[in-house]
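Student: Based on what follows, work out the 3D shape:
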Amino acid sequence: MNGKKLRMRRIIDARVGKTVIIPMDHGVSLGPVQGIATINDSIRKVCQGGGTCIVVHKGIAHQLNQDIMGDLGLIVHLSASTSLWNEPNRKTLVGDVLDAVRLGADAVSVHINLGGKYENEMMSQMGEISSQCIEFGMPLLAMMYPRGENIKDQYDVEAIKKCARVGAELGADIVKTNYTGDIDSFRDVVKGCHVPVVIAGGPKMDSEKALLDMVRDAMKAGAAGVSIGRNVFQHEDISGITKKLVDIVFSR
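Tutor: Residues are numbered from 1 along each chain as shown. Just a heads-up that it's a prediction; the model follows:
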């Protein structure tokens, strides 16, 4: 078994091909917001809830308290932009796969926005990182979104289908993208992408029921799981909402 397959087993449950990823890389884009200001505490609660893995930037990964990680897998995020900039959709690389190897990561992730004037830059970044992933046997999670001046609706089915397929075509092992809003259309997204697809959670939802219903429908459509950040780490009961997500994802 090669290195990529071994690492993949730590971010997607090999028995059922499902995963519950909790991204906590928002400190770069948003700052020390609720839920990640004291990130070790939130990570401990995600672990208690049975989450599969977390996503953080290399600085946080370097300082992680290993005692709280338990069986959580580690994904190191390599893309960044901040809310202070006038073009936050323009992501840039802030690390490489070798950084992740040194940190003992199980995977890396990149964020790619398609449909704007900087699409070509981010696709080039994706190509560079995916080549490094092949060299080092490192799984790649690609966060693929339709965002930019050419995108009228970031939940448009055709745009999301294209984003997911581009991620797979450029070397992603897992694609994260928006849920389209209904089972039939998202089934088409999954069908057109030959690697596992997980759904994003997006901004903090007002209703826990709406979140859980979305996850149930995505799983019915064939999703491999979820990659949900703010709706977990900003929840009043982090371990509880993580467990609810785990129960839904792994029940199918």
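Student: And the pLDDT for residue 190?
Tutor: Residue 190 is assigned a predicted lDDT (pLDDT) of 98.
Student: SS state for it?
Tutor: Classification of residue 190 using DSSP: H, G, I helix; E, B strand; the rest coil returns helix.
Student: same deal with the one 3 residues further on?
Tutor: Each residue gets one of three states, and residue 193 gets coil by three-state DSSP.
Student: tally of neighbours for it?
Tutor: Residues near residue 193, counting by other CB atoms under 10 Å, number 24. Yep, even glycine has a C-beta here, placed from its N, CA and C like the rest.
Student: try residue 16
Tutor: Residue 16, neighbours per other CB under 10 Å, totals 13.
Student: Who are the contact partners of it?
Tutor: Residues in contact with residue 16 (CB atoms under 8 Å, 6 or more residues apart in numbering) are residue 250.
Student: Doesn't it lie inside a helix?
Tutor: No - per three-state DSSP, residue 16 lies outside any helix segment and is coil.
Student: Let me know the pLDDT of it.
Tutor: Looking at residue 16, the pLDDT reads 92.
Student: so where's the stretch 51-200 of the chain uncertain?
Tutor: Applying pLDDT under 70 to the stretch 51-200 of the chain flags no residue at all.
Student: where do the strands sit along it?
Tutor: Assigned by DSSP state E, counting those that start in this stretch, the stretch 51-200 of the chain shows strands spanning 53-56, 73-77, 79-80, 92-93, 107-114, 140-146, 174-177, 197-200.
Student: Within its sheet, name the partner strands of the fourth one and how each one runs.
Tutor: So the one you mean is strand 92-93. Within its sheet, strand 92-93 is paired with strand 79-80 (antiparallel), according to DSSP bridges.
Student: what residues does the partner strand touch?
Tutor: Defining contact as CB under 8 Å, 6+ apart, one finds that strand 79-80 is touched by 28-29, 57, 91-94, 109-112, 122, 125, 143.
Student: Phi and psi next, for the most centrally placed residue in the chain.
Tutor: Closest to where the C-alpha atoms of the chain average out (CA atoms, centre = their mean) is residue 227, at 4.5 Å. Dihedral pair for residue 227: phi -140, psi 90, per degrees, to the nearest 10.
Student: who's it bridged to?
Tutor: Beta-bridge partners, per DSSP bridges, of residue 227: residue 21, residue 200.
Student: what's near enough to touch it?
Tutor: Residue 227 neighbours (CB under 8 Å, 6+ apart): 21, 22, 23, 55, 141, 143, 176, 198, 199, 200, 201.
Student: I figured residue 144 hits residue 167, correct?
Tutor: Yes - at 4.2 Å, residue 144 counts as touching residue 167 under the criterion of CB atoms under 8 Å.
Student: Overlap in contacts, the two.
Tutor: Both residue 144 and residue 167 are contacted by 112, 175, 177, under the criterion CB under 8 Å, 6+ apart.
Student: what's the neighbour count on the second one?
Tutor: By the other CB under 10 Å criterion, the neighbourhood of residue 175 contains 27 residues.
Student: Identify the residue nearest it in space, chain neighbours excluded?
Tutor: residue 167 (4.1 Å; CB to CB, 6 or more residues apart in numbering).
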